[in-house]
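Chemist: after the sequence you'll find the predicted model.
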Amino acid sequence: MVARRMPVILGTAVLSACTSVGQVGLMTRPTADAGAIVREARNYREIGPAEGRSCRYFVLGVIPFGDSTAVDALDDALQATGGNALLNATIETSLYGFIPIYNIVSFTCTTVRGIAISVE
């Protein structure tokens, strides 16, 4: 009985993860004036679905490299589509750890999804 459950127990001890998801209405680049876009009711052209991802890695819990900010993920999504804003955006943040007790390697990723638009 214990022998059958051992792969599940070992898998849980070696890998752990958690994810959170949030919704936002409009995401623009930090250099854009989002207030002016809404206030002036500018026209826009819908480009289509877009997704961007950004990750930050940690080795031994103290050596970080990469960037997992929503701004970096947004830039990734907009660069791929040629848009300058996302409508109906969703931000998903995930944290993964391998051998979490010792924190050998862990990483966090932010994924941004939405409808890419080009504001005129």
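Modeler: Yep, that arrived. Residues are numbered from 1 along each chain as shown.
Chemist: quick one: low-confidence ranges for the chain?
Modeler: 1-17, 19, 34-35, 37-38, 99-103 (pLDDT under 70).
Chemist: now the helices for it?
Modeler: Using DSSP state H, the helices of the chain run over 2-14, 34-39, 70-81.
Chemist: which helices and strands sit right next to the last one?
Modeler: The criterion is 3 or more Cβ pairs under 8 Å, 6 or more residues apart in numbering; DSSP states H and E, and the helices and strands that helix 70-81 contacts are strand 44-59, strand 85-98, strand 105-119. For glycine as for every other residue, the C-beta is placed from the backbone atoms N, C-alpha and C.
Chemist: again, only using 6 Å
Modeler: The helices and strands touching helix 70-81, judged by 3 or more Cβ pairs under 6 Å, 6 or more residues apart in numbering; DSSP states H and E, are strand 44-59, strand 105-119.
Chemist: now do the buried residues in that helix.
Modeler: 70, 72-78, 81 (16 or more other Cβ atoms under 10 Å).
Chemist: before we move on, the earlier item: turn the helices and strands packed on helix 70-81 into JSON lines, columns for mean neighbour count and distance to residue 65.
Modeler: As requested, those are exported to JSON lines (neighbours: other Cβ atoms under 10 Å; distance: least, Cβ to Cβ, whole Å):
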{"stretch": "strand 44-59", "mean neighbour count": "16", "distance to residue 65": "6"}
{"stretch": "strand 105-119", "mean neighbour count": "20", "distance to residue 65": "10"}
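Chemist: ends of stretch 25-39, how far apart?
Modeler: This stretch, stretch 25-39, spans 15 Å end to end (Cα to Cα, to the nearest Å).
Chemist: from here on, call the first residue 656.
Modeler: New numbering, starting at 656: the last item is stretch 680-694.
Chemist: many thanks, have a good one.
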